[in-house]
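**Student:** no sequence on this one, just coordinates:
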């Protein structure tokens with residue numbers, strides 16, 4: 001499709017669906033964790049909890065993804081996570097918060113440590129953390145690195 005045709009299509013979609021998006025009470029937030037520091041991990045969880053609570057109190061929906069890669073993957077490892085109990089609390093009480101682990105980072109850690117690594121229950125794998133963040137941003141998600 002030519003650039004002009006693509007822009008025309010996009011403009012038409014926004015005109016047809018824009019008001020529905022504007023009236024929507026659904027929000028989307030992605031939180032990045034790439035550091036192996038308990039204070040950063042707790043900061044990510046604090047932001048997720050505060051945002052979830054904020055919109056819940058207003059009767060609005062919010063989807064939150066925590067994307068862990070590089071050293072931040074320790075947050076989601078069953079053997080090294082200093083925030084396991086908090087994450088279990090999210091699984092039970094804030095089902096709108098999902099935890100995603102970078103498969104590339106996981107494979108690199110397993111290779112370096114020459115063993116299989118278990119992730120916390122409920123953690124989902126994505127093929128690569130940074131591209132996941134990029135895709136979410138392109139889909140209109142807000143990306144924050146606390």
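**Tutor:** On my side now, so go ahead. Note that the structure is predicted; figures quoted are calculated from it, not measured.
**Student:** quick one: low-confidence parts of this structure?
**Tutor:** Within the chain, the stretches with pLDDT under 70 are 1-25.
**Student:** where's the spatially most central residue of the chain, which helix or strand?
**Tutor:** Note on the chain: the residue nearest the mean C-alpha position is residue 65, at 2.2 Å, using CA atoms, centre = their mean. Here residue 65 is covered by strand 61-68, with elements defined by DSSP states H and E.
**Student:** What strands flank that strand, and is each parallel or antiparallel?
**Tutor:** Paired neighbours of strand 61-68 in the sheet (DSSP bridges): strand 26-33 (parallel), strand 97-102 (parallel).
**Student:** Need these in JSON lines (columns: distance to residue 70).
**Tutor:** For every residue, glycine as well, the C-beta is placed using N, CA and C. Converted to JSON lines, those look like this (distance: least, CB to CB, whole Å):
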{"stretch": "strand 26-33", "distance to residue 70": "9"}
{"stretch": "strand 97-102", "distance to residue 70": "8"}
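**Student:** how close does the residue nearest to the centre of the chain sit to residue 32?
**Tutor:** 10 Å (CB to CB, to the nearest Å).
**Student:** immediately after the strand holding residue 65, which helix or strand?
**Tutor:** That would be, after strand 61-68 and using DSSP H and E, helix 84-93.
**Student:** related to what we said a few turns ago, compute the inter-axis angle for the strand holding residue 65 and helix 84-93.
**Tutor:** 150 degrees (axes from the mean of the first three to the mean of the last three CA atoms, to 10 degrees).
**Student:** which residues does residue 62 contact?
**Tutor:** 26, 27, 28, 29, 51, 52, 54, 55, 56, 96 (CB atoms under 8 Å, 6 or more residues apart in numbering).
**Student:** are any of those residues buried, and which?
**Tutor:** Buried by 16 or more other CB atoms under 10 Å: 27, 29, 51, 52, 55, 96, out of those.
**Student:** Bridge partners for the first one, pull those for me.
**Tutor:** Read that as residue 27. Residues in a beta bridge with residue 27, per DSSP bridges, are residue 62.
**Student:** just checking, residue 48 touches residue 94?
**Tutor:** Yes: in this structure, residue 48 is within contact of residue 94 by CB atoms under 8 Å, at 7.2 Å.
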